[in-house]
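Dropping a prediction and its sequence here:
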Amino acid sequence: MNALAPVAGIGRSTLAAVASLGRVSIFVAQTLRHIVTPPFYPREFWTAVIAIGWLSLPVVGLTAVFTGAALALQIFDGSARFSAEAVVPQIVAIGMVRELGPVLGSLMVAARVASSIAAEIGTMKVTEQIDALVTLSTNPMKYLTAPRVLAATLTVPLLVAVGDAIGIFGGYLVGTTRLGFNEINYLKNTVNFLEFWDIGSGLVKGAVFGFIIALMGCYYGMNSSRGAQGVGKATKAAVVSASVLILASNYLLTEAFFSS
């Protein structure tokens, strides 16, 4: 019996993982259905847009500007070994719009938004406000989840676009003030090198990441256990899950977009 204990543990873990995947899949399907079917709650949607989009601008902007500046320094130092310093503007631009802008910006939004949503909805569950919504014939998924998921899916790409521009500007500042690049040539090299799909792929990633962020926050908030400890665990799980799924989906999307 003891010899089979590790195998039994693996089996239990596998079944638990499959059950969790099933619950999340059902939650995703329900969320998508509630997004496209009435009734709609525009006030909740616009409140979520402000909370997720507008209030996340400072942290996304600061992350992007320092990322772009550090990237310019790193690329310059690395390319100097091959006498290829001229490629700094192009590499900074493509690195920001394809990868660093969407991924780092979304991770910062996940830390801020997924935790906030999970804590808010978890607290509502603990204080029986969600039960009150059901009593008032209001579907909690439609009232709480659908507006937040839709708002995040639409606003995170805008945050990514702003972060890309700020990150490229950070690289421009370092390139022109510290690395000796000509201002006009730096901008020309940046604009001429980027293609439409470079920017578009980052925006698509932003939409997927925004969906993941809000979905994880709502899922763990809705399924949090009672008490302050349960809300704390739900908040932590929402941030960790959103971050891991962002990194995993980033690889899958990059493979799909650029593998050829």
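Yep, that arrived. Here the structure is a predicted model, which means the values were calculated and not measured.

ranges for the helices of this protein?
With DSSP state H, the ranges of helices along the chain come out as 5-36, 42-52, 57-80, 88-95, 101-109, 115-126, 129-135, 140, 146-177, 183-193, 196-222, 228-258.

Just checking the distance from the last one to the centre of its chain.
Right, the one you point to is helix 228-258. Relative to the centre of its chain, helix 228-258 is centred 8 Å away, using Cα atoms, centre = their mean, to the nearest Å.

so that helix versus helix 196-222, what angle?
Between the direction of helix 228-258 and that of helix 196-222, the angle (axes from the mean of the first three to the mean of the last three Cα atoms, to 10 degrees) works out to 160 degrees.

mean confidence score for helix 228-258?
Helix 228-258 shows a mean pLDDT of 93.

what about the residue nearest to I35 when sequence neighbours are not counted, distance to V240?
Nearest residue to I35 in three dimensions, chain neighbours excluded: A146, at 4.8 Å (Cβ to Cβ, 6 or more residues apart in numbering). Every C-beta, even on glycine, is put in place using the N, C-alpha and C of the backbone. Separation of A146 from V240 (Cβ to Cβ, to the nearest Å) stands at 24 Å.

So if I had to pick from these two, which one is more boxed in?
The residue with the greater number of neighbours, taking A146 and V240 and applying other Cβ atoms under 10 Å, is A146; the counts read 27 against 14.

Quick check, central residue of this structure?
S106 (3.1 Å; Cα atoms, centre = their mean).

Around the residue lying closest to that one once chain neighbours are set aside, how many other residues sit close by?
Excluding its sequence neighbours, the residue lying closest to S106 (Cβ to Cβ, 6+ apart) is F209, at 3.7 Å. By other Cβ under 10 Å, 30 other residues sit near F209.

can you start the count at 24 instead of 1 from here on
With the count now opening at 24, the last piece we talked about shows up as F232.

picking up where we left off before, right, so the helices of the chain: which one is the most enclosed?
When neighbours are counted by mean count of other Cβ atoms under 10 Å, the highest per-stretch mean among the helices of the chain falls to helix 124-132, a mean of 26.

what bits of this protein have low per-residue confidence?
Low-confidence segments of the chain, defined by pLDDT under 70, are located at 24-25, 283.

picking up where we left off before, which ones are touching the residue nearest to S129?
Neighbouring residues of F232 by Cβ atoms under 8 Å, 6 or more residues apart in numbering: 125-126, 129, 132-133, 179, 269, 272-273.

From V111, how far off is it?
Counting by Cβ to Cβ, the gap from F232 to V111 is 27 Å.

now L94
Distance of L94 to V111, given as Cβ to Cβ: 9 Å.

Overlap in contacts, those two.
With Cβ under 8 Å, 6+ apart applied, the overlap between the contact sets of L94 and V111 consists of G194.

Surely the residue nearest to the centre of the chain touches F234?
No: in this structure, S129 is not within contact of F234 by Cβ atoms under 8 Å, at 10.5 Å.

Touching both of these two, which residues are there?
Where contact means Cβ under 8 Å, 6+ apart, no residue is in contact with each of S129 and F234.

these two touch, right, P163 and Q152?
No: assessed by Cβ under 8 Å, P163 is found out of contact with Q152, at 9.1 Å.

Which residues are in contact with each of these two?
Both P163 and Q152 lack any common contacting residue under the criterion Cβ under 8 Å, 6+ apart.

In contact with the nearest residue to L202 once chain neighbours are set aside, which residues are there?
For L202, ignoring the flanking residues on the chain, the nearest one in space by Cβ to Cβ, 6+ apart is F99 at 5.2 Å. With contacts defined as Cβ under 8 Å, 6+ apart, the neighbours of F99 are 108, 111, 198, 202.
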